[in-house]
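Colleague: sequence plus predicted model, see below.
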Amino acid sequence: MSENSMEARFGKPIPAWLYCEETQQPFTNCTLCNISLEDTSYTVCKSFSRLSLESEPILSFEIAVCLSCSQNYSNHISDETKKALDALSRTYPKLKPSITADVILNGDTQLQKPTCAITNKPTEALYEYELSAFVSKNYVLGGANMIGEEAMKLMSDCLSDESSGFLDDFFNSLIDLPPEISVILRDKKLIF
C-alpha cells in the first residue's frame, strides 16, 4: 500500500474498539460471503447493550460487510424505508457522516469514539448502542457513527413492513442464537 493512497492520506487506523471481539484484530473476512476484506472496502457494525449504566456493555453482535454484500442488502430495503431514513438523516445530519467534513475538520491522528448521532450522548450514558464505520485498506474513512437506543427507535420507526420482514429474516439467518436470547434481540433491526 502506498503512503500516498487516499486511505493513508485521509483515513485513520482502525481503533481497537472496532476490532473483531474474538480475535482482537481488524476483521479479515466478510461476515456474509466470507470474501477476504484485505483488498476491498467494507462496513463494520457492532451492537452493545447492558442492564444498568454501571455495568460493562456486552457485545450483542458484530459484523463486517463487504461492499458487494452491502449493496445486495440495500437492494432489499424498500423505497418507502429509504425515503423515511433520508428524511430522518436530514433532521439529524450526523446519521450520515461526511467523509470530507471529517477529513478537513478533524486533525486527530486517532479515531475518537463518537457520540450518538441524535442525542449526542456518549456510550457511558447509553443502555444500548451501535457503532459503525466504513473501512478501506485498514483505515477508517469518514469517522465512526454511533446510535443509541433513542436513535435506534427512530430508525426502526422508519421501516416499512416489507423492510422489517426482510431485516427480521436477515438477522435470524445471520446469528444462530438460543431461543431465549433470540427473543430478547428480536426487535433489533440492523440498518447499515
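Modeller: Arrived safely, thanks for sending. If you're wondering where the values come from, they're calculated on a predicted model, not measured in any experiment.
Colleague: in this structure, where is pLDDT below threshold?
Modeller: 1-4, 97-109, 174-192 (pLDDT under 70).
Colleague: nearest residue to the middle of it?
Modeller: Ser132 (2.6 Å; C-alpha atoms, centre = their mean).
Colleague: can you tell me the helix or strand for that one?
Modeller: Using DSSP states H and E, the element containing Ser132 is strand 128-136.
Colleague: and Cys69, by the same measure?
Modeller: helix 67-75.
Colleague: what packs against that helix?
Modeller: Under the contact criterion of 3 or more C-beta pairs under 8 Å, 6 or more residues apart in numbering; DSSP states H and E, helix 67-75 touches strand 41-49. For glycine as for every other residue, the C-beta is placed from the backbone atoms N, C-alpha and C.
Colleague: flag every buried residue along the strand it packs on.
Modeller: Buried residues in strand 41-49, counted by 16 or more other C-beta atoms under 10 Å: Tyr42, Thr43, Val44, Cys45, Lys46, Ser47, Phe48, Ser49.
Colleague: got the contact list for the residue nearest to the centre of the chain?
Modeller: Taking C-beta atoms under 8 Å, 6 or more residues apart in numbering, we find Ser132 in contact with Thr43, Val44, Cys45, Lys46, Ala144, Asn145, Met146, Phe192.
Colleague: number of nearby residues for the nearest residue to Ala16 once chain neighbours are set aside?
Modeller: In space, and not counting its chain neighbours, Ala16 is closest to Gln24: 7.1 Å by C-beta to C-beta, 6 or more residues apart in numbering. Counted with other C-beta atoms under 10 Å, residues neighbouring Gln24 total 8.
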